[in-house]
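# Mind folding the following:
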Amino acid sequence: MTDAPIRVLVADDHAIVRTGIRHVLESEPGFSVVAEASTGAEALELASSLRPDVAVLDISMPGDSGLRVAAELRQRSPETHVLMLSMHDNTEYVLESLRAGAHGYLLKDTAATELRDAIRAVRRGESFFSPPIASRLSAVLRGDSGESAAGALGQLTPRERQVLAGIAQGQTNREIAVHLGIGHRTVESHRESLMRKLGVRTVAGLTRLALEAGLVGP
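A predicted model of the protein is given here:
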């Protein structure tokens, strides 16, 4: 008797990504893409009604993020296992995904075979992470997160590091603007750039990175 295919929901705001994932999965027996969603709200509605085995969620979508959808699915459809798909390999995003209830975290540049293996694993209730993500998690468990944080901050401009230090010290955007002698909107732009580059969405996450890297004192 042949096992039933794994029923998959794919949620990503880019149609070409959804099409690519569908092609990767349905080109091999054992998978069935039962629905596609372009927003978090749509993904949550479809998952709640269709109860797929696995929901592949883009971490950044219009409206509700993949993190919010994952957390909601724990309540609405606990039998649906979640695999986060992201272009960010930042530790903070990974940890937030796990706290939201995701079983795995895969980078968007992953190979087709790895995507299929990840979906099979999370369907069984196992965890699955892209190799770079697994390495970052191992560093956190070993207590080496400071080194990872310093590496993440290495991609920032000097001005972005100054803005990050201000945020970590609890300053408002206006206070940072006055201190650095730049406009309020410029600070907001730097703040958005920081979150995008570091893959961190919260002030707490930015502060933690700054502390771990020694950018500011505790």
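# what about the strands in the chain?
In the chain, the segments counted as strands under DSSP state E are 6-11, 31-37, 54-58, 81-86, 104-107, 128-129.
# any idea which of the ones you listed is most buried?
With neighbours defined as mean count of other CB atoms under 10 Å, the strands of the chain peak in mean count at strand 54-58, which reaches a mean of 28. (Each C-beta comes from the backbone N, C-alpha and C, glycine too.)
# Tell me the strands beside that strand, with direction?
In the sheet, strand 54-58 lines up against strand 6-11 (parallel), strand 81-86 (parallel) (DSSP bridges).
# looking at these, which has the lowest confidence?
With a mean of 93, strand 81-86 has the lowest mean pLDDT of the strands paired with strand 54-58.
# just how off-centre is the longest helix belonging to the chain within its chain?
Taking DSSP state H as the criterion, the chain has its longest helix at helix 184-198. When C-alpha coordinates are averaged (CA atoms, centre = their mean, to the nearest Å), helix 184-198 and its chain have centres 18 Å apart.
# Tell me the helices and strands packed up against that helix.
helix 158-168, helix 173-180, helix 203-212 (3 or more CB pairs under 8 Å, 6 or more residues apart in numbering; DSSP states H and E).
# which of those helices has the lowest average pLDDT?
Taking the mean pLDDT of the helices and strands packed on helix 184-198, helix 203-212 comes last: a mean of 72.
# what inclination does that one have with respect to helix 158-168?
Angle of helix 203-212 versus helix 158-168, following axes from the mean of the first three to the mean of the last three CA atoms, to 10 degrees, is 110 degrees.
# Could you tell me which residues within helix 203-212 count as buried?
By neighbour count with 16 or more other CB atoms under 10 Å, helix 203-212 contains the buried residues 205-210, 212.
# quick check: domain ranges of the chain?
The record's domain split for the chain, according to automatic domain parsing, is 6-140, 145-212.
# just the ones you listed: most buried one?
It is domain 6-140: most buried of those by mean count of other CB under 10 Å, with a mean of 19.
# In the chain, where is pLDDT below threshold?
1-2, 135-154, 201, 212-218 (pLDDT under 70).
# contacting residues for V34?
7-9, 50, 52 (CB atoms under 8 Å, 6 or more residues apart in numbering).
# State the distance from the residue nearest to K197 when sequence neighbours are not counted to S130.
Sequence neighbours aside, Q155 is the residue nearest to K197 in space, at 5.5 Å (criterion: CB to CB, 6 or more residues apart in numbering). Distance, Q155 to S130, by CB to CB, to the nearest Å: 19 Å.
# pretty sure E42 is in contact with A11, am I right?
Yes: at 7.4 Å, E42 counts as touching A11 under the criterion of CB atoms under 8 Å.
# closest to R191 among the contacts of V34?
L9 (32.8 Å; CB to CB).
# If the closest one is in a bridge, with which residues?
Here L9 sits in beta bridges with A35, A55, going by DSSP bridges.
# my read: it touches S49, true?
No: taking contacts as CB under 8 Å, L9 lies outside contact range of S49: 10.4 Å.
# Can you give me the distance of G30 to V54?
In terms of CB to CB, G30 sits 12 Å off from V54.
# Mind listing the shared neighbours of those two?
Common neighbours of G30 and V54 (CB under 8 Å, 6+ apart) are I6.
# Nearest to R22, out of the strands paired with strand 54-58?
When these are ranked by proximity to R22 (CB to CB), strand 6-11 comes first, at 6.4 Å.
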